[in-house]
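Chemist: with the sequence up front, the predicted model follows.
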Amino acid sequence: MNVTLCEVGPRDGLQNEQDVLPPTTRAELVNRLAATGLPRIEAVSFVRDDAVPQMAGAEDVVEGIERRDGVEYVGLVLNEKGFERFAASGLDRVNLTLGATESFNHRNANATLDEAVERVTTILGKAPERSTVTISVAFGCPFEGRVDPAVVASLAERFSEAGEIVLADTIGAATPRQVKALIERTGAAGFHGHNTRNTGFANAYAALEGGASVLDASIGGLGGCPYAPRATGNIATEDLVYMLEGDGVETGVDVDALIGISEWLEGVLGRQLEGQLYRAGSFPSA
Ligand code: ZN
């Protein structure tokens, strides 16, 4: 079995960190990650600088990236303006995202659910073949609670022309059977899980069992959750690689190289990260 890992630390991870890192450091992080064998890296988000200071200067980050063959570099886009910036950037894949609920779209993108669907549909019309639609809060919403799987299923159907669909457990509320069932029902290619309530790794595993082939993860478990102030971030990439490789799922990623990056990041951010493998060490030890 093969899986495509999508590293989202430079985007989802850093976006939810208190510290604002300069574009040069963010580009260095992307370059270090690309050297580990990761096939896909979400490098930037094309949002307004004042709206998300952690993501300011996306073009400067892109400029600092030393492109590596075999690595797909992704930019996240919320609206038309963001898509124009993506198109000018020369990145490989666009990740278009919307929420599964009215309230989430309102708070996150100042749009109704219908408007958000319309936005994504319009942009998809001119997007490159390599496009991803991520449906946020696909399992639970901080404002509306549990999300009806039927709503997510009908959203997924509306974006059938996208290159792939990723279901996101944005607030880390899902449990494995829910994830497996919704991946099966929608035929979604990928799963994006936060480890807010420590279900993230089991959920990722369940997504694979449900037929997913793309998993998002964040180096060191970087990040947090904008709607749960003390919550942890995405599932840690190196911990995920350890689990998958141990179970015979090929990732193509050098886990020791990932551990080295988390050690470096600990110094950059001046705090211990959530990831556990970089503290425990791999097994058997190298
Ligand atoms: Zn996320």
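Modeler: Yep, it's here.

Chemist: going by C-alpha atoms from here, please, whenever you check contacts or count neighbours.
Modeler: Noted.

Chemist: quick one, strands of the stretch 1-150 of the chain?
Modeler: Shown for the stretch 1-150 of the chain, the strands assigned by DSSP state E, counting those that start in this stretch span residues 4-7, 40-45, 72-77, 93-99, 131-136, 140-141, 145-146.

Chemist: okay, those strands, which one's buried deepest?
Modeler: strand 40-45 (a mean of 26; mean count of other Cα atoms under 10 Å).

Chemist: pull up the pairing partners for it, direction included.
Modeler: Sheet partners assigned to strand 40-45 using DSSP bridges are listed as strand 4-7 (parallel), strand 72-77 (parallel).

Chemist: lowest confidence element among the helices and strands of this structure?
Modeler: helix 102-109 (a mean of 92; mean pLDDT, DSSP states H and E).

Chemist: the stretch 51-200 of the chain: helices as residue ranges?
Modeler: 58-63, 80-89, 102-109, 113-126, 149-158, 176-186, 200-209 (DSSP state H, counting those that start in this stretch).

Chemist: what are the buried residues along the longest one?
Modeler: In other words, helix 113-126. 113, 115, 116, 117, 119, 120, 121, 123, 124 (16 or more other Cα atoms under 10 Å).

Chemist: which residues touch the third one?
Modeler: Residues in contact with residue 116 (Cα atoms under 8 Å, 6 or more residues apart in numbering) are 98, 99, 105, 109.

Chemist: in a markdown table, list the residues you listed along with distance to residue 199.
Modeler: As requested, these are exported to a markdown table (distance: Cα to Cα, whole Å):
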| residue | distance to residue 199 |
| --- | --- |
| 98 | 23 |
| 99 | 21 |
| 105 | 25 |
| 109 | 27 |
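
Chemist: closest to residue 146 out of the residues you listed?
Modeler: residue 99 (13.0 Å; Cα to Cα).

Chemist: go ahead and confirm that closest one touches residue 110.
Modeler: No - contact status for residue 99 versus residue 110: not in contact, 11.2 Å apart, counting by Cα atoms under 8 Å.
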